[in-house]
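Visitor: generate coordinates for the sequence data below:
(chains A and B)
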Amino acid sequence: MTVAVVRFGGSNCDRDSVQALSHLGIDTELVWHEDGLPEDVEGVMLPGGFSYGDYLRAGAMAARSPIMQEVREVAAEGVPVLGVCNGAQIGCESSLTPGAFTTNRSARFQCEHVHLRVENADTPWTAAYDEGQVVEFPIAHGEGRFEIDDDRLEALEADDRILFKYCDESGAVHDGANPNGSKHNVAGITGEDDTVAVMMPHPERVSLPDIGAVEGQGVLRGFAEA
Amino acid sequence: MTDYTATVTVRLKRGVLDPEAETTKRALERLGFELDALRSTDRYELDLAAESEDEAAERAGEMAERLLANPTIHDYEVAVERAEA
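Guide: Below is the predicted model of the structure:
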């Protein structure tokens, strides 16, 4: 099991991701986007950062780089793909997942801890949790507001493709617990297959015991589950 | 071939929140201006050579579809005119 962590110009969570995955015993390789995916790739992580300086829209440039065509191809073959933060923006921009992550309701960059409610525990990325469980992850983004038209949002809800919603400490989902104005408080979703997932909060930042909480490990273990 | 300038205007779809425009509107109001609404757009000017105005518009439209706009949140329009010599 080799997970490729794809580094673009401007990625900055790439080494954190490698460290967190390696800590879980998942074989990980840092891959420069121009070098393409390794032949034996068994997982792809798109890490956070500011690829291409967020020019045009966050994730827009990286989504159209040649390696993303490879990522779409292996994803279609069932190779697990996880996009976090800028990786989530890249995932939506490259049509791995529907919708878009755009400017926060506050119009500000927000770096804080948030509570998330597990909406569907029946995916590789959430199998370690219980449905309805509340976890605390950090966010760090200026463009994390999930936007999608109402019909497609209803379809995502109906098809159980929402992984996490922003909630308060008790697990209640309401506007006051929505840090960025995301529709239906959506923090993470799956692609057509649940082996593909994107999320704005950072599981890799709550996965190393030395740093404190390890609640994010469950998401990263998805690579072994998928 | 003729030289054209295609202008692609990309705007948020109606109903999609635009926090930057809202912030800008509030700043104008703080400066004492009165206004009902403010919408911001992105405008791209593309110089290109094409056989006809239609071909120039078609190519600019493809560029908008593939990169300049995100169809999930954006509408766009294309206007073409002959480039000034």
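Visitor: which residues sit against stretch A:159-173?
Guide: For stretch A:159-173, the surrounding residues in contact (CB atoms under 8 Å, 6 or more residues apart in numbering or on different chains) are A:114-120, A:122-123, A:125-126, A:132-135, A:156, A:174, A:176-180, A:182, A:184-191, A:194, A:197, A:199, A:201. No exception for glycine: its C-beta is placed from N, CA and C like everyone else's.
Visitor: looking at the residues you listed, which are in strands?
Guide: A:114-118, A:134-135, A:186-190, A:197, A:199 (DSSP state E).
Visitor: of those residues - the most surrounded one?
Guide: Sorting the ones in strands among the contacts of stretch A:159-173 by how many neighbours each has (other CB atoms under 10 Å in any protein chain shown) puts A:Gly188 first, at 31 neighbours.
Visitor: ok, the closest residue to that one other than its chain neighbours - contacts?
Guide: For A:Gly188, the nearest residue in space outside its immediate sequence neighbours is A:Met199; the separation is 2.9 Å by CB to CB, 6 or more residues apart in numbering or on different chains. Each residue near A:Met199 by CB under 8 Å, 6+ apart is listed here: A:Leu82, A:Gly83, A:Val84, A:Ala88, A:Leu163, A:Phe164, A:Ala187, A:Gly188, A:Ile189, A:Val219.
Visitor: what does the strand or helix carrying the last one rub up against?
Guide: What that stands for is A:Val219. Taking DSSP states H and E as the definition, A:Val219 sits inside helix A:217-220. Contacts of helix A:217-220 from elsewhere in the structure, counted by CB under 8 Å, 6+ apart, are A:20-21, A:24, A:26, A:82, A:125-129, A:135, A:199, A:203-204, A:206-207.
Visitor: among these, which one lies nearest to A:Asp151?
Guide: Of all the contacts of helix A:217-220, A:Asp151 sits closest to A:Met199, with 22.4 Å by CB to CB.
Visitor: bridging residues for that closest one?
Guide: A:Met199 has these beta-bridge partners by DSSP bridges: A:Val84, A:Gly188.
Visitor: let me know the pLDDT of residue 75.
Guide: Using chain A. A:Ala75 is assigned 98 on the pLDDT scale.
Visitor: wait, I meant chain B there
Guide: Per-residue confidence for B:Asp75 comes out at a pLDDT of 97.
Visitor: ok, the helix or strand harbouring it: who's next to it in the sheet?
Guide: Counting by DSSP H and E, the element that carries B:Asp75 is strand B:74-82. Paired with strand B:74-82 in the same sheet, following DSSP bridges, are strand B:2-12 (antiparallel).
Visitor: which other residues reach the partner strand?
Guide: Contacts with strand B:2-12, where a contact means CB under 8 Å, 6+ apart, come from B:18, B:39-53, B:56-57, B:59-60, B:63-64, B:68-69, B:73-83.
Visitor: filter these down to the buried ones, ChimeraX style.
Guide: Of the contacts of strand B:2-12, the buried ones go into a single ChimeraX selection, burial set by 16 or more other CB atoms under 10 Å in any protein chain shown:
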select /B:18,44,46,48,50,56,57,59,60,63,64,68,69,73,74,76,78,80
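Visitor: run a quick neighbour tally on the nearest residue to A:Phe8 once chain neighbours are set aside.
Guide: By the measure of CB to CB, 6+ apart, the closest residue to A:Phe8 outside its immediate chain neighbours is A:Ser51, 3.9 Å from it. Using other CB under 10 Å, the number of residues around A:Ser51 comes to 28.
Visitor: many thanks, we can stop here.
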